[in-house]
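K.L.:
Structure of the sequence below:
(one chain, ligands or ions: 2)
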Amino acid sequence: MGRPNVGKSTLFNRISGTRKAITAPEPGVTRDRHVEYAEWNGRRALVMDTGGWVPKSADLFETAIREQVEFALDECDIALLVTDAQTGTADIDLEIARMLQRGKVPVLLAVNKVDGPKQDPEVGEFYSAGLGDPIPVSAISGRGVAELMDLLWSRLPTLDTETPSRPRPLVAVVGRPNVGKSSFVNAILGENRHIVTDVAGTTRDAIDSEVAYYGQRFTLIDTAGLRRRTRVEEALEFYTTVRTRKAVDECDVAVVLIDARDGLVAQDVRIVQEAEDGGKGIVIAINKWDLVEKDSHTAIRLEAEIDSKLPSLSYVPKIFISSLERQRVHKTVEQLLKIHEERQKRISTPELNRLLELVMEENPPPSHKGRDLRIHYVTQPASEPPLFVFWMRHAEFLAPHYKRYLERRLREQYGFTGVPIRLAFRQKT
Ligand code: GDP
Ligand code: GDP
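P.N.:
Ligands and ions are numbered 1, 2, ... in the order given. This next block holds a predicted model:
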């Protein structure tokens, strides 16, 4: 965190290793550049550029800075205040430092733009912030960044192995603000007389709900933090992004809510892709169906529109629901429980190879410049998410359309509804 122009986003990119522009697979979708995982010393941490929404103009500036601080204190394990050696300490730096000191979160102070030894003497004045030793870095050249990361990572809380185990599946209910997440969760909790317990989640202040729904147990990962009040719209979006990341990361199955009136918008696509990237089970619940004027084709049209925006995710079930009127909420729960089972499924090697033989007989892999691209055998070494490894010679030449064909045939045979599956092609010599 810190005021604008000190180099936060440059430093963020350094730390998260996302200097390369992230190009999204879907047109019109730019990936969020303010929240990324970074790995250092073998441990992964979620890094956030909380300055992302602070306007550079005076407009709402103070409010946004305050939001930034509150967010860091509520949501983060460590706060890093970034300052600028070229401008020296500004009043606002000291003010942020004071606000941060009132919280319970450890705070480190980086002085950026210390590009070479010539700037080293500038660092001394930053002791006045009262945050201990200022850490000199140059986000642009990378100077000092490794030392900074060592310090940050050494302050990460020790992993809490005491967290009581929660009944699986762990379910994340995610979606844009106002799509109806709370209403959906309330529809489940309200209908059900057997909420087992509220347990502390792994996120600060989060309360997860263990649910027994018509005899089936599962855990709803808390996303109540989304309800948090905010005065800056960009900040709300940011909270949503962070909470979504955390919940999706923890979950077995993600219920992605979208608003039936809007269809699938770019932000929805991003959430679905996060779940897909993480190999999580996915169900898309098209909420507020009660508000849509329908004829007999509306549902089919909407589903086709969604599929055209996310053609690679046609395996994801879509359910038209109304959280408010409790329409098909139960069906959504059944679906997510089914997806959890599918995601754990393992197919035996002999069975897989019988299918492979059949598939290759019907449609042999196209050879490449006379090379034989027949697949020797296939195994499923992992589940959650399922991984299939195909052993063959010249694996690098197998055409992408044939890989898609193999996935399609696997799904036809074994389902894996709502579950991303991974296919790997390995060299057999
Ligand atoms: P933010 O507003 O705090 O996110 O700042 P930016 O990352 O956008 O950087 C603001 C300006 O400072 C840009 O022109 C950067 O190129 C420049 N900058 C960032 N880091 C460094 C650095 O380590 N050294 C120097 N000389 N300039 C930097
Ligand atoms: P969240 O921000 O995603 O948690 O959304 P909320 O659950 O707070 O819902 C936002 C607004 O949409 C509230 O006014 C809800 O009453 C309304 N809402 C949620 N689900 C439905 C639904 O299925 N039908 C209708 N008509 N309104 C809904």
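
K.L.:
Close to ligand 2: what parts of the stretch 151-300 of the chain are there?
P.N.:
Within the stretch 151-300 of the chain, the positions near ligand 2 by C-beta under 6 Å from any ligand atom are 175, 177-183, 226, 287-288, 290-291. C-beta here means a position set from N, CA and C on the backbone, and glycine is covered the same way.

K.L.:
now, which of these sits nearest Arg404?
P.N.:
Closest to Arg404 out of those is Gly175 (28.4 Å), distances taken as C-beta to C-beta.

K.L.:
how about the closest one, phi and psi?
P.N.:
The main-chain torsion angles of Gly175 are listed as degrees, to the nearest 10 and equal phi 160, psi 170.

K.L.:
next one: His368
P.N.:
His368 adopts backbone torsions of phi -120, psi 110, taken as degrees, to the nearest 10.

K.L.:
burial of the residue lying closest to it once chain neighbours are set aside, as a residue count?
P.N.:
Across the structure, with C-beta to C-beta, 6 or more residues apart in numbering as the measure, the residue nearest His368 apart from its sequence neighbours is Phe397 (3.9 Å). Counted by other C-beta atoms under 10 Å, the residues lying close to Phe397 total 15.

K.L.:
sorry, back to before: just the buried ones from the residues of the stretch 151-300 of the chain next to ligand 2?
P.N.:
When these are checked for burial by 16 or more other C-beta atoms under 10 Å, the buried set is Gly175, Val179, Gly180, Lys181, Ser183, Leu226, Asn287, Lys288.

K.L.:
could these go into JSON lines alongside distance to Ala97 and secondary structure?
P.N.:
Shown next, in JSON lines, are these (distance: C-beta to C-beta, whole Å; DSSP: H, G, I helix; E, B strand; the rest coil):
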{"residue": "Gly175", "distance to Ala97": "36", "secondary structure": "coil"}
{"residue": "Val179", "distance to Ala97": "38", "secondary structure": "coil"}
{"residue": "Gly180", "distance to Ala97": "40", "secondary structure": "coil"}
{"residue": "Lys181", "distance to Ala97": "35", "secondary structure": "helix"}
{"residue": "Ser183", "distance to Ala97": "41", "secondary structure": "helix"}
{"residue": "Leu226", "distance to Ala97": "29", "secondary structure": "helix"}
{"residue": "Asn287", "distance to Ala97": "43", "secondary structure": "strand"}
{"residue": "Lys288", "distance to Ala97": "45", "secondary structure": "coil"}
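
K.L.:
Which two of the residues you listed have the greatest separation?
P.N.:
Pairwise across those, and taking C-beta to C-beta, the largest span is found between Leu226 and Lys288, at 17.0 Å.
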